[in-house]
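S.K.: kindly return the folded structure for what I paste below:
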Amino acid sequence: MTRKRKIGSFQTTVASDSDSDGEHDELPRAREEGLFHRAIRTDAHGRTVVSTSQVAVAASPTKRRPPERDLLVPDDTEFSSPMDWEDDAPPSSAFPFMGEESFAFDEGHPVDPPRRKQRESDRPLTQWLLNRRARYLDELLRLEGRGDYRHQTKCSGCTRPAGEAVFRCKDCFSDALFCKSCLVSEHKDTPLHRVEIWNEREFFETVTLKSLGLRIQLGHGRNGVCPGTLLKQVRAAEEEDARRRPRDDFCIIDSNGVHEVGLDFCTCSSAEDHDIQLVRARLYPATTTNPATAATFRVLRDFHLLSLEAKCSAHHFYNKLARQTNNNGVFQPRTRYNEFLRIAREWRNLQMYKRMGRAHAASGIAGTRAGECALLCPACPQPGKNLPLDGSWRNASREKRFIYALFLAMDANFRMKRKDVSSEADDPSLGDGIAFFAKVGEYMQHLEKNWGLEQEKSTCVAHDAVNEPNREAYGTASSGIGTVDCARHNMKRPNGVGDLQKGERYINMDYMLWQSLQYYDDILQLFISYDIVCQWFKNVWIRLAKYSPELQERGVRRFYTWLIPKFHLPAHIEDCNVLFSFNLTPFVGQTDGEAPERGWAHINGLATSTKEMGPGARRDTLDDAFNDWNHKKIIGLGKSLLEKIQKAVPNMTSHRLALLEAEQALPDDVVAQWRAEMEAWELDAAKPNPFKLTEKHEGVAAIRGRLAAQIAEEGVSADAGDVRGDIHAHEMVHMGMQLEDQQRQLAFDATLLKTHATDRQKTGLLERSNKLGRKIAEWLKIRESFTPDVSSLRAADDAARIDSARLQPTPPLPVPSIKLWLPSALATRPQISVKRSHAYYEFELRVGQAHAALEELRRLLLVRTAQYQYKDEFQRGVAANTRGKTAIASTDEQIRRSAAEYRGARQALERLGPLLNETAWQRQLRVLMPDDVRPRPRATFSDPQRKAGHKRKRGQTTEQFAEERRAREAEARPASWIWLSQLSENEESQTGMVEALRIEWAKTRARAHRWTEEVDLLEEEMRRVLQFLEWKAAWWTALVGQREAVVSDAVLNEGFTAYAQRQSRIQLDLRARFQENWRDVPAYIQMGRDSASAIPEEEEDGGEDREHEEEDAPVPEAPRDEYLGASLVDESLA
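M.R.: All right, here's what the predicted structure looks like:
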């Protein structure tokens, strides 16, 4: 059967979209997308086949997102586009299963295409292991000799005989052999290559280019020689005392090892200082005066990236270089670890200033403002950079203000400790406050001034961060760090990071928040996420009033919404789960507030090295790491925002339709009332929260506590007949109810045993039965001590079984069938007097048990509906459908057990009610018939009359069609009483919908609104990213020429201009790439909005209807086979 649905202006047939097999196929634009659908039919031989057709519809960006490629490699691949197809037919290679008879089904199952035969190349490791491992080993050893050059007759660079050609280079591509002079000549531009000599013992031995006579001359071009260098060499040769000769032990650290080289500085009168000569040769000096050690820019870049990506410490990296120089222990290179540490730290600092344009600014490094060297989030609102230039965003309405809001997330990390080593005086930061850490002096002054502020104890759960703000971290100067992040894009905020001295004190986190808001005074709406926000925000304004005026100014004249991250929320109390939920709060989209946690996973790898650093070095290292984190997030925005919009638009559509379905199944006046309450709460949080239960029934645990408190108040005046030893009667009754529940569960579990159950399953059930029997025997002794008449009843039952056994063999009494003789059971025996207090205790506990079972029954029915919806929407194929049906069957079993528990509790209430003259409970706890155990009312997709041919008529409006459907549903089947809040005394008229159904509607509405808001936010964020990159490019261009008035060196100015223009081009290229990735997003979003605003038309579909009939049908009762304890289950279901 074929099911058609019209959404908006697009007609589709249920089938699968076809994707190209080629990873690099060109992705068509929205108007040109070919969407292929399959129609199922039956041929003349009774076989089911599928025909494929092409429908032109707008494409999801999923189908057209370009593949990721190396940006350094030009993309010159030729692609095939659907526009190139002739007669609307794709190439056969693109869709190998195209054709009228492309799929054949036998008895409803697809015939899989024949699998390709296994090839050896499908297992490359096995192929290497069996065929090539020994050969590769031989080849490695072959390279230890002279290889292809063993029979070389002369030097590869000149005509000298082969006897002198004994040198080769390990770093050059060729293994050619050279004589000494040719080798030195070949390496004038590569003086840090490693060379070997073929010695008399016939193996290659490492030598240095310095020992062969190679010298590096600075300051005189490629082949120039400084006159001063020649004079120095002459004097050194004439000097007999080696101690008086000039030092000739310059050390260079490179990516391939630590090298001792012959290096000569220029000594001409116009020569630059030695350290500047080294820098111009791309060698970074270890000191500014008489440098004797330098590191190549190459090794610094390698270490910089490796420390950021692999979290490699300088110690490990330098040890790698030392071992790369010599790893056999015969020769130990000179140690330059401390020099390398200093060089790497300076390099990080210079790279930060360089990338932030401080060299171009007229004010230079000294004019750097606080936080100016931190990379900003392009997707967040940045006043003056990516917000509308006309200022309309300042006057946005309440419904649109959220798209210009700032989403912030706060958290602390106690893994980022720092040991109590060094000090601020000995190890200052190279850039105090220029990036993510706030200025140390101002931060410490704030802490010193406000350290005495008292931090209140938690009124939520026992949060250690709240209750132990002064916990000691022995041996550490910093117990961790706190941060303020961009909550939606996971980026660190400028000046939003600070050290924690002890625990997670409010004064630390307050400073980071307000300090991160500098330069953002125009942002009016803020959403603040913090895992302990329920406690932190209570006195935030009182604390702010005691802080400095600068911080106070940043906290006023704004709209704040306080939230708890989604992952952390379940650990809070119930009120927090309602008041601070991202899912329930309007205007937050799908933000989860867990951004800091993702950042911690990235930065924690540095903890082992940064904890050993001094304060300044640690801050510099973390500033650099946070900037790298932001950089990677920025260049990944094209992909991440696209993936989010691909997820958000379908969810917006589906959840809007789910809301429409829920509302059409409910009375219009009820929906209108609920909507009015919801909108009132969204406008004023002081109004009743529609997500919160107003009438919450006591559970069994709460009732036990109330009874215990009541008994404690009575004290010695309590009836002594209700106490036996240290057990009170209400405790005895509760113990009996627990045993009864265990009997019920044992009976149900016995029904699940199959005919061919394993010995292990049978043994497990039998052991449970024996243990429960012993528990019941002990409890019955206690029961008889409270009510001696129980012993006579048990004796009468035993005598009856003995008499029955005389006539025919009788099996032992199953444990689930043992009578417990609770007060409700004794009430059926007129000859037995039931003590009123015992009846009262059981009655109270049974009321709680019945309400709890009914709530669990409703919850499970909602879960069952969600499982059917998920199965219909996502699960395809035999295996997936089997898993879905198994999950639904498991839920059905839980529903049956909850229904049995409710029926058992209500049966006890029926017996105890007359004894206590209680009747009010009957209004809410009705008789539960099998047909009552069915899901909440449904409409739209599960219209029970659809199978009868009811569909929208031509000319019929949407409102008329919806009204007709509601009328049909009301006539067909009213809502089960379990979804109604209460009944009148005659139990015939409903007075309202149950709160669980109202809350379910509210959550459905919240989900629909959150996804709609997410689409709005993503659309605005994409616009902001493009505008920010355009602004950034213009900002770099504007830096050109700013220092020309100060710097007269034309060469230096050329470097300034070249770097600024290159950075500007990078920003424009990144913008172009994002714009190309998102080119179809506007049409895709509009398609989703159009389809979400339309009520879908549906035609007949027998298969779908059967699924929905199952979904809406009552849950089937347990089978009535003969099994262990069947009598107890039958009694509870009666």
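
S.K.: so residue 385 sits in a strand?
M.R.: No. The assignment for residue 385 is coil, going by DSSP: H, G, I helix; E, B strand; the rest coil, so no strand is present there.

S.K.: ok, it - contacts?
M.R.: Contacts for residue 385 (Cβ atoms under 8 Å, 6 or more residues apart in numbering) come out as 376, 1027-1028, 1031-1032. Heads up, the C-betas are built off the backbone N, CA and C, glycines and all.

S.K.: roughly how far does the closest residue to residue 600 other than its chain neighbours sit from residue 446?
M.R.: In space, not counting the residues next to it along the chain, residue 600 is nearest to residue 413; the distance is 5.0 Å by Cβ to Cβ, 6 or more residues apart in numbering. Counting by Cβ to Cβ, to the nearest Å, the gap from residue 413 to residue 446 is 20 Å.

S.K.: and residue 416, how far from residue 640?
M.R.: From residue 416 to residue 640 the distance is 25 Å (Cβ to Cβ).

S.K.: what's downstream of the strand or helix carrying residue 352, the next helix or strand?
M.R.: Under the assignment given by DSSP states H and E, the secondary-structure element containing residue 352 is helix 337-355. If you walk from helix 337-355 toward the C-terminus, the next helix or strand you reach (DSSP H and E) is strand 406-413.

S.K.: was I right about residue 678 contacting residue 1002?
M.R.: Yes. Between residue 678 and residue 1002 there is a contact at 6.3 Å, judged by Cβ atoms under 8 Å.

S.K.: touching both of the two, which residues are there?
M.R.: Overlap between the contact sets of residue 678 and residue 1002, as judged by Cβ under 8 Å, 6+ apart, is given by residue 690.

S.K.: quick one on the thing from earlier: by neighbours, which of the contacts of residue 385 wins?
M.R.: residue 1028 (24 neighbours; other Cβ atoms under 10 Å).

S.K.: helices or strands up against whichever helix or strand it is part of?
M.R.: Counting by DSSP H and E, the element that carries residue 1028 is helix 995-1039. With contacts defined as 3 or more Cβ pairs under 8 Å, 6 or more residues apart in numbering; DSSP states H and E, the secondary structure elements packing on helix 995-1039 are helix 637-664, helix 668-683, helix 836-874, helix 1050-1077, helix 1081-1092.

S.K.: could you dump the contacts of residue 385 into TSV with distance to residue 439 added?
M.R.: What follows is the contacts of residue 385, written out as TSV (distance: Cβ to Cβ, whole Å):
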residue	distance to residue 439
376	19
1027	31
1028	26
1031	27
1032	25
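
S.K.: which one of those residues sits closest to residue 162?
M.R.: Within the contacts of residue 385, distances to residue 162 taken as Cβ to Cβ reach their minimum at residue 1032, with 60.2 Å.

S.K.: now the closest one: closest residue in space, sequence neighbours ignored.
M.R.: Spatial nearest neighbour of residue 1032, chain neighbours left out: residue 1067 (4.6 Å); criterion: Cβ to Cβ, 6+ apart.

S.K.: residue contacts, that neighbour?
M.R.: In this structure, residue 1067 makes contact with 1029-1030, 1032-1033, 1036, judged by Cβ under 8 Å, 6+ apart.

S.K.: same deal with residue 277?
M.R.: With contact set as Cβ under 8 Å, 6+ apart, residue 277 has these partners: 218-219, 265-266, 271.

S.K.: tell me which of these is nearest to residue 846?
M.R.: Sorting the contacts of residue 277 by how near they are to residue 846, with Cβ to Cβ, puts residue 218 at the top with 94.9 Å.

S.K.: give me the nearest residue to the closest one, chain neighbours excluded.
M.R.: Nearest residue to residue 218, sequence neighbours excluded (Cβ to Cβ, 6+ apart): residue 277, at 4.3 Å.

S.K.: quick one: the one you found is in a helix?
M.R.: Yes. When the secondary structure is assigned by three-state DSSP, residue 277 falls within a helix.

S.K.: flag every buried residue along stretch 291-309.
M.R.: Of the residues in stretch 291-309, those buried by neighbour count under the rule 16 or more other Cβ atoms under 10 Å are 291, 293-296, 299-300, 302-304, 307-308.

S.K.: next, count neighbours for residue 874.
M.R.: The burial count for residue 874: 9, using other Cβ under 10 Å.

S.K.: correct me, but residue 183 touches residue 197?
M.R.: No. Contact between residue 183 and residue 197 fails when scored by Cβ under 8 Å: they sit 9.4 Å apart.

S.K.: which neighbours do the two share?
M.R.: Jointly contacting residue 183 and residue 197 under the rule Cβ under 8 Å, 6+ apart are residue 167.

S.K.: ok, now which ones touch residue 606?
M.R.: Contact criterion Cβ under 8 Å, 6+ apart gives 311, 416, 621-622, 625 as the residues in contact with residue 606.

S.K.: same thing but 6 Å
M.R.: Listed by Cβ atoms under 6 Å, 6 or more residues apart in numbering, the contact set of residue 606 reads residue 311.

S.K.: count of neighbours near residue 1055?
M.R.: A count of nearby residues for residue 1055, using other Cβ under 10 Å, gives 12.

S.K.: gap between it and residue 1049?
M.R.: Look at residue 1055 and residue 1049: by Cβ to Cβ, they are 9 Å apart.

S.K.: re earlier: pLDDT value on the residue nearest to residue 600, please?
M.R.: Per-residue confidence (pLDDT) for residue 413: 93.

S.K.: same check on the one 5 residues further on?
M.R.: Looking at residue 418, its pLDDT stands at 94.

S.K.: again with residue 1121
M.R.: We have a pLDDT of 40 for residue 1121.

S.K.: what of residue 125?
M.R.: Note on residue 125: pLDDT of 94.

S.K.: which strand or helix spans it?
M.R.: Per DSSP H and E: residue 125 is located in helix 124-131.

S.K.: after that helix, next one along is what?
M.R.: As assigned by DSSP H and E, the chain's next helix or strand after helix 124-131 is helix 133-142.

S.K.: centre of the chain to that following helix, how far?
M.R.: 47 Å (Cα atoms, centre = their mean, to the nearest Å).

S.K.: so where's the protein shaky on pLDDT?
M.R.: Low-confidence segments of the chain, defined by pLDDT under 70, span residues 1-113, 234-246, 463-467, 469-472, 715-720, 807-811, 937-974, 981-994, 1094-1113, 1116-1134.

S.K.: and residue 608, that's in a strand?
M.R.: No. Using three-state DSSP, the assignment for residue 608 is helix, not a strand.

S.K.: ok, for it, nearest residue in space, not its chain neighbours?
M.R.: What sits nearest to residue 608 in space, not counting adjacent residues and going by Cβ to Cβ, 6+ apart, is residue 313, at 7.3 Å.

S.K.: that neighbour reaches residue 609, doesn't it?
M.R.: Yes. Using Cβ atoms under 6 Å, residue 313 makes contact with residue 609 at a distance of 4.0 Å.

S.K.: can I get stretch 883-898 in PDB, CA atoms only?
M.R.: Once non-C-alpha atoms are left out, stretch 883-898 reads as follows in PDB (Å, rounded to 0.1, in the frame of the first residue of the first chain):
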ATOM      1  CA  ARG A 883      13.800  -4.700  18.400                       C
ATOM      2  CA  GLY A 884      11.000  -2.100  18.500                       C
ATOM      3  CA  LYS A 885       8.300  -4.700  19.100                       C
ATOM      4  CA  THR A 886      10.400  -6.300  21.800                       C
ATOM      5  CA  ALA A 887      10.700  -2.900  23.600                       C
ATOM      6  CA  ILE A 888       6.900  -2.300  23.300                       C
ATOM      7  CA  ALA A 889       6.200  -5.800  24.600                       C
ATOM      8  CA  SER A 890       8.400  -5.100  27.600                       C
ATOM      9  CA  THR A 891       6.500  -1.900  28.300                       C
ATOM     10  CA  ASP A 892       3.200  -3.800  28.000                       C
ATOM     11  CA  GLU A 893       4.400  -6.200  30.600                       C
ATOM     12  CA  GLN A 894       5.200  -3.400  33.000                       C
ATOM     13  CA  ILE A 895       1.800  -1.800  32.300                       C
ATOM     14  CA  ARG A 896       0.100  -5.100  33.200                       C
ATOM     15  CA  ARG A 897       2.000  -5.300  36.500                       C
ATOM     16  CA  SER A 898       1.100  -1.700  37.400                       C
END
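
S.K.: cool, thanks, talk later.
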